[in-house]
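Novice: Sequence and computational prediction follow.
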Amino acid sequence: MLSEDLLASVLTAAWNGELELLQLIDHCSKLEQSRRAPLAAILYQTWLRRTRSPHAHLAYFNLGATLTNLGELTSAEEAYRQAIALSPGFIQPRLNLGLLLERMGSPEKAVEEWRWIERNVPADTPEQKALLILALNNLGRALEISKQYRDATDYLSRSLALDSDQPDVLHHWVFLRQKQCCWPVYLPVGDTPVALMEQSTSALAMIAITDDPAVQLAAARRHVDKKVLKNAPTLAGPGPYEHRRIRIGYCSSDFCLHPVAMLMVELFELHDRDQFEVYGYCWSPEDGSEIRRRVIAAMDHFRRIQPLADEEAARLIRQDEIDILFDLQGQTSGARMNMLAFRPAPIQITYLGLPATTGLPCIDFVIADRFLIPEEERPYYSEKPLYMPDVYQVSDRRRAPGPTPTRESCGLPQDAFVFCSFNNNYKYTPEMFTTWMNILRRVAGSVLWLLADNAWAEANLRQEAITRGIDPARLIFASRVAPENYLARYRVADLFLDSFPFNAGTTANDALWMGLPVLTRSGRTFASRMAGALLTACRLSELVTYTLQDYEEKAVSLGSDRTDCLRLREHLASEREHGVLFDTSMFVRNLESRLLRLAGHQGGTDARV
């Protein structure tokens, strides 16, 4: 740490142009280590104004990093650009400038900086190779976010060709191939063995690859081991607080136009305020949607925690004395697992966000029903099931469809039997797609209506249809539309064909709400039993199959007899009005009774019953 006298001496030397660059960097580093970064910035700026040096670009680069850490982003950008102007071949400021521009909301400009490196920096030396790999990885990540999947995959493939041992890059590369329906997903790239690809696959991507619950648990635990803080201090005590009402907290980056909020919003609205006080902890985009407005209005206290570090956010939750904290993310995009690792609440539950085990030791329970997680599969969950009596999934009864479109306006044949599957394309597998093509082959004139998720998936699926001897014109792709128009589409289709091993969740709920029968295949994992749980709750177990052959035969049978589908629609109309699947008030009462037991307000603590 620099004393005040030494600091004055150093500043004077900088003012007089008498401070060597290495001395400058050493003194500024010590200032930053002693949490006096503003003084380091002043020292850099003084030196740069008063010193003529051929190495000024290095000082500008360091100044940019210091200002970035201080949140002075515009000034940091100027410093990086000065470094580049003085030394156009200086690579590091371009890397940092890209990250800064991305943070400032200019991802296109960030991509320009990294593309300059990609075009101009050869991998001739270990240092250049490392910087090129960083640029390629940033390009892959940024373009994946902007849904430019093909280019993102190409950049990450180049990165892996330079260094095959990059688990985090492989994690994204595998998921990108899934999103584009590039089969097989595990394809040799560089010197990467398939075993390393499998070990690098994220918990979310693994859900769509395998129905083996042991493999999914292992994937979740690997991610936790690599990414989650170990030995974080526990903030909450073991016992409940002495509040008149139980305080429930919901944490999410999806309190916006997102399936999680779209399912849960009425739950927030219906909580019994005589017994519960409801808090929302949000790092979601301000999308201005009606769903977001409803979520915010339904919370007694709504905390926007985007600016807070994970520990700060955890301490805020602890300060609010939350009795039961719901994690609505799991290991999905935007998750703040380290916030949960501080255990800010004595009871922590995961729900809806990740349809699999989280692998997080700080999560105590997962909301389930006995179809979703059978007793024999419980060992493959790091959480204890908190069993609901009817169904695990809550619904929003206020969602309303728009006007029913015509088949012509949807690009559908007027008289054909229309199978649909509006799942995200990354859920599709070659095995299930083969079954779908078998169904089309056997049901004359039928078509398959799919979500137009991205252009590369659409092109690949059409080619896969040709490979299986099916006219690609029988695949019809629906673009994304507003929620009310999306719901109205279900009135036009005849039968929803579910995906496997990653079933429809919210999508199946929407289809059943709109009276469209859903045919599913159930397996052993949470994700492969979601639609089966919904169908069991609405007394349609006849639509739950357990092999692809049975699934195909049932689809062909229904596709050959529209009267049977009409019978199923009539049954669903009755279930919508009188069944348990869409009885949100009863769901909330059942959940609250279990939360009361967990918090010790009604005696007993066995929350698994």
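Specialist: Looks like it came in fine.
Novice: where does the stretch 151-300 of the chain dip in pLDDT?
Specialist: For the stretch 151-300 of the chain, no stretch has pLDDT under 70.
Novice: now the chain
Specialist: Ranges of the chain meeting pLDDT under 70: 1, 601-609.
Novice: Quick one: the strands in it, in order.
Specialist: 246-252, 276-282, 301-304, 324-327, 347-350, 365-368, 384-387, 418-421, 447-451, 475-478, 495-497, 518-521, 544-545 (DSSP state E).
Novice: Now do the first one: which elements does it pack against?
Specialist: Secondary-structure packing of strand 246-252 (3 or more C-beta pairs under 8 Å, 6 or more residues apart in numbering; DSSP states H and E): helix 259-270, strand 276-282, strand 324-327, helix 584-598. All C-beta spots, glycine's among them, are computed from the backbone N, C-alpha and C.
Novice: would you turn those into CSV with distance to residue 458?
Specialist: Output for the helices and strands packed on strand 246-252, formatted as CSV (distance: least, C-beta to C-beta, whole Å):
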stretch, distance to residue 458
helix 259-270, 22
strand 276-282, 34
strand 324-327, 34
helix 584-598, 36
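Novice: per-domain residue ranges of this protein.
Specialist: Listed domain ranges for the chain are 4-194, 246-387, 408-581 (source: automatic domain parsing).
Novice: chain center to the longest one: distance?
Specialist: If I follow you right, that is domain 4-194. Centroid separation for domain 4-194 versus its chain: 26 Å, with C-alpha atoms, centre = their mean, to the nearest Å.
Novice: one step back: compare the domains of the chain and give me the one nearest residue 588.
Specialist: Smallest distance to residue 588 across those (C-beta to C-beta): 4.5 Å, for domain 246-387.
Novice: That closest one spans what distance, first to last residue?
Specialist: 20 Å (C-alpha to C-alpha, to the nearest Å).
Novice: centre of the chain versus it, how much separation?
Specialist: From the chain centre to the centre of domain 246-387 is a distance of 14 Å (C-alpha atoms, centre = their mean).
Novice: And residue 107, how far from residue 418?
Specialist: 38 Å (C-beta to C-beta, to the nearest Å).
Novice: These two - which one has more neighbours?
Specialist: Neighbours were counted for residue 107 and for residue 418 using other C-beta atoms under 10 Å; residue 418 has more, 19 against 16.
Novice: Relative to residue 103, which of the helices and strands packed on strand 246-252 is closest?
Specialist: Distance to residue 103, taken as C-beta to C-beta, is lowest for strand 276-282 among those, at 19.9 Å.
Novice: partners of the closest one, with directions?
Specialist: strand 246-252 (parallel), strand 301-304 (parallel) (DSSP bridges).
Novice: Residues in contact with the longest one: which ones?
Specialist: By C-beta atoms under 8 Å, 6 or more residues apart in numbering, the surrounding residues in contact with strand 246-252 are 240-241, 260-261, 264, 268, 271, 275-284, 299, 317, 320-329, 336, 339-340, 345, 353, 595-596, 599, 601.
Novice: Mark which of those residues are buried, thanks.
Specialist: The neighbour count (16 or more other C-beta atoms under 10 Å) marks 240, 260-261, 264, 268, 271, 276-284, 299, 317, 320-329, 336, 339-340, 345, 353, 595-596, 599 as buried among the contacts of strand 246-252.
Novice: Excluding chain neighbours, what is closest to residue 358?
Specialist: Leaving aside its sequence neighbours, residue 358 sits nearest to residue 330 (C-beta to C-beta, 6 or more residues apart in numbering; 4.7 Å).
Novice: Run a quick check on that neighbour versus residue 359, I expect a contact.
Specialist: No: in this structure, residue 330 is not within contact of residue 359 by C-beta atoms under 8 Å, at 9.1 Å.
Novice: what sits in contact with each of these two?
Specialist: residue 203.
Novice: Can you give me every residue that contacts residue 486?
Specialist: For residue 486, the contact set (C-beta under 8 Å, 6+ apart) comprises 422, 480, 510.
Novice: In the protein, where's the longest helix?
Specialist: The longest helix of the chain (DSSP state H) is helix 126-145.
Novice: how about that helix: buried residues?
Specialist: Using 16+ other C-beta under 10 Å as the test for burial, helix 126-145 gives 131-144.
Novice: residues in contact with that helix?
Specialist: So helix 126-145 is in contact with 91-92, 94-95, 98-99, 102, 107, 110-111, 114-115, 117-118, 121-123, 149, 151-153, 155-156, 158-159, 162-163, 166, 169, 172-173, 176, going by C-beta under 8 Å, 6+ apart.
Novice: related to what we said a few turns ago, got the domains of the chain as TSV, with distance to residue 222 columns?
Specialist: Shown next, in TSV, are those (distance: least, C-beta to C-beta, whole Å):
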stretch	distance to residue 222
domain 4-194	9
domain 246-387	8
domain 408-581	17
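Novice: which ones are touching the residue nearest to residue 358?
Specialist: 203, 350, 353-354, 356, 358.
Novice: Now with 6 Å, please.
Specialist: By C-beta atoms under 6 Å, 6 or more residues apart in numbering, residue 330 lies in contact with 350, 353-354, 358.
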